[in-house]
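**Q** Predicted structure and sequence below. I'll ask about it afterward.
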Amino acid sequence: MKIEVKQYKKFDKEQSNLVAFMTLYLTEMDLYISDCKLIRMRNGGFFIGLPSRQFKDEATGEVKYSPYVLFGKNKNEEFQKSAIEAVTHYAKDSSVNQVAHLNKGSTHDNQGTAKDYMDDLPF
């Protein structure tokens, strides 16, 4: 599955497992998925959270999330692997000149360098 990162916004909050928001482009389907999240897991790994809505479980009172996008059988693992590879490539590719490197919410598109960008990513 070929995926490209089209927008990336770092999330700067201490003690948060949320690393960034991004828009991913699934090239073979010509599909953009906005509001994806790069999330750091407790074991140090990462996964991509797809857009979802928050709701309160009436039975338990717990806050839960219902995804807007779901992949079929065996496709979620392929999506996760391809999306993490795309984020890593986006961060490391020195030819990527349109770095959406964000500090405290301010953008400077087309001005950052890959090195600057990589310093802020957890890879």
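**A** Perfect, I can see it now.
**Q** for the nearest residue in space to residue 31 that is not next to it in sequence, which residues make a bridge with it?
**A** Nearest non-adjacent residue to residue 31, counting by CB to CB, 6 or more residues apart in numbering: residue 25, 7.2 Å away. C-beta here means a position set from N, CA and C on the backbone, and glycine is covered the same way. Legend: beta-bridge partners of residue 25 under DSSP bridges are residue 4, residue 32.
**Q** got it, and residue 20?
**A** Going by DSSP bridges, residue 20 forms beta bridges with residue 10, residue 38.
**Q** Any idea how many residues pack against it?
**A** 21 (other CB atoms under 10 Å).
**Q** cool, the one 10 residues further on as well?
**A** A count of nearby residues for residue 30, using other CB under 10 Å, gives 7.
**Q** Please enumerate the helices of this protein.
**A** Under the criterion DSSP state H, helices of the chain are mapped to 75-92, 114-120.
**Q** so which of these gets nearest residue 44?
**A** Residue 44 lies closest to helix 75-92 among the helices of the chain, at 12.9 Å (CB to CB).
**Q** Report the distance from that closest one to the chain centre.
**A** Its chain's average C-alpha position is 9 Å from that of helix 75-92, according to CA atoms, centre = their mean, to the nearest Å.
**Q** per-residue confidence for the closest residue to residue 27 other than its chain neighbours?
**A** Distance criterion CB to CB, 6+ apart; nearest residue to residue 27, sequence neighbours excluded, is residue 2 at 4.4 Å. Looking at residue 2, its pLDDT reads 95.
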